[in-house]
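Participant: For reference, the sequence and a predicted model appear below.
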Amino acid sequence: MSAELRTPTVADAEAIAALMAACFTATFGHLYDPADLASFLDGLTLERWRTELADPAFAFLLAEVDGVGVGFAKMGPHSLPVEPAGPMIELRQLYLLGSQQGSGLAARMMDRVIATARDRGAGELFLSVYVDNVRARRFYERYGFEEIGIYTFMVGNHADEDHLMRLAL
C-alpha cells in the first residue's frame, strides 16, 4: 500500500476540495467558532479549485493510496506580505490526512514541492504556518525554512497569527 504522487488535473478538484476541508477541520477546526470555520471553507469553492488547477501559475501535487487522495500540495504566485529578492513561489497548502502523518509521505511531498519550485525558476519558496502548529514548523525548519515575520491569516472573522517562512533555493 504505497503512496503515489502525481500532478492532478481539473478533474481532481472535488478530491482536493474534500481533502482540504477534512485536513483543515481535523487540524484546526477546534480553534474556531463553527460559523467562522464554515465561512472559511465555503470560500474554497469547487469552481475556485477548478480555476486554480487549470491556471499554469499554480502547481499542484496529489498524493494517493490505492487511487484515493490522502494529501495534496498547492504552490502559487506571490500573495503573502513578503519582499522577494527575485523569482519566487509560495507553498499555499500542504495537507496530509492524519492516517498518513508519520509515514514519510510528507517528506516525499516536500521534496517534490522544492524540486517543482526550482524547475519553475524560483530562487525562494515562501509559506505561512500557524504559530501554534509546532509540528509543521519543525518539519519546515528541517528543510531549511527560516522565520522572517508574522502574518495575519483570517478564518471567517477570526484572525490567526502565522509565521512567515522562507527557503532560499
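Facilitator: Good, I have the coordinates.
Participant: C-alpha from now on. contacts and neighbour counts both.
Facilitator: Will do.
Participant: How about the secondary structure of residue 150?
Facilitator: Secondary structure assignment for residue 150 (DSSP: H, G, I helix; E, B strand; the rest coil): strand.
Participant: That one against residue 130, yeah?
Facilitator: No. Shown here, residue 150 and residue 130 do not form a contact pair, counting by C-alpha atoms under 8 Å, at 9.7 Å.
Participant: okay, which residue is most central for this protein?
Facilitator: For the chain, the residue lying nearest the average C-alpha position, counting by C-alpha atoms, centre = their mean, turns out to be residue 93 (0.8 Å).
Participant: Check the offset of the helix or strand in which that residue is found from the chain's centre.
Facilitator: Taking DSSP states H and E as the definition, residue 93 sits inside strand 88-96. In terms of C-alpha atoms, centre = their mean, to the nearest Å, the centre of strand 88-96 is set 4 Å apart from its chain centre.
Participant: Once you drop chain neighbours, what's closest to residue 151?
Facilitator: With sequence-adjacent residues excluded and distances taken as C-alpha to C-alpha, 6 or more residues apart in numbering, residue 151 is closest to residue 162, at 5.0 Å.
Participant: ok so the one you found is a strand residue?
Facilitator: Yes. Under three-state DSSP, residue 162 sits within a strand.
Participant: that older thread, dump the residue contacts of the residue nearest to the centre of the chain.
Facilitator: Residues in contact with residue 93, defined by C-alpha atoms under 8 Å, 6 or more residues apart in numbering, are 72-75.
Participant: ok, residue 56 - how many residues close by?
Facilitator: Number of residues near residue 56 (other C-alpha atoms under 10 Å) recorded here: 10.
Participant: Against residue 120, how distant is it?
Facilitator: Shown here: residue 56 relative to residue 120, a distance of 11 Å by C-alpha to C-alpha, to the nearest Å.
Participant: quick revisit: overlap of the contact sets of residue 150 and residue 130?
Facilitator: Taking C-alpha under 8 Å, 6+ apart as the contact rule, the neighbours common to residue 150 and residue 130 are 161-163.
Participant: Filter these down to the buried ones, PyMOL style.
Facilitator: Of the shared contacts of residue 150 and residue 130, the buried ones can be selected in PyMOL as follows, counting by 16 or more other C-alpha atoms under 10 Å:
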select buried, resi 162+163
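Participant: Identify those among the contacts of residue 93 that sit within strands.
Facilitator: Secondary structure assignment (DSSP state E) places 72-75 from those within strands.
Participant: Mind putting the residues you listed into a markdown table with pLDDT, neighbour count and distance to residue 99?
Facilitator: As requested, these are arranged in a markdown table below (pLDDT from 0 to 100; neighbours: other C-alpha atoms under 10 Å; distance: C-alpha to C-alpha, whole Å):
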| residue | pLDDT | neighbour count | distance to residue 99 |
| --- | --- | --- | --- |
| 72 | 98 | 26 | 14 |
| 73 | 98 | 23 | 17 |
| 74 | 98 | 19 | 20 |
| 75 | 98 | 23 | 23 |
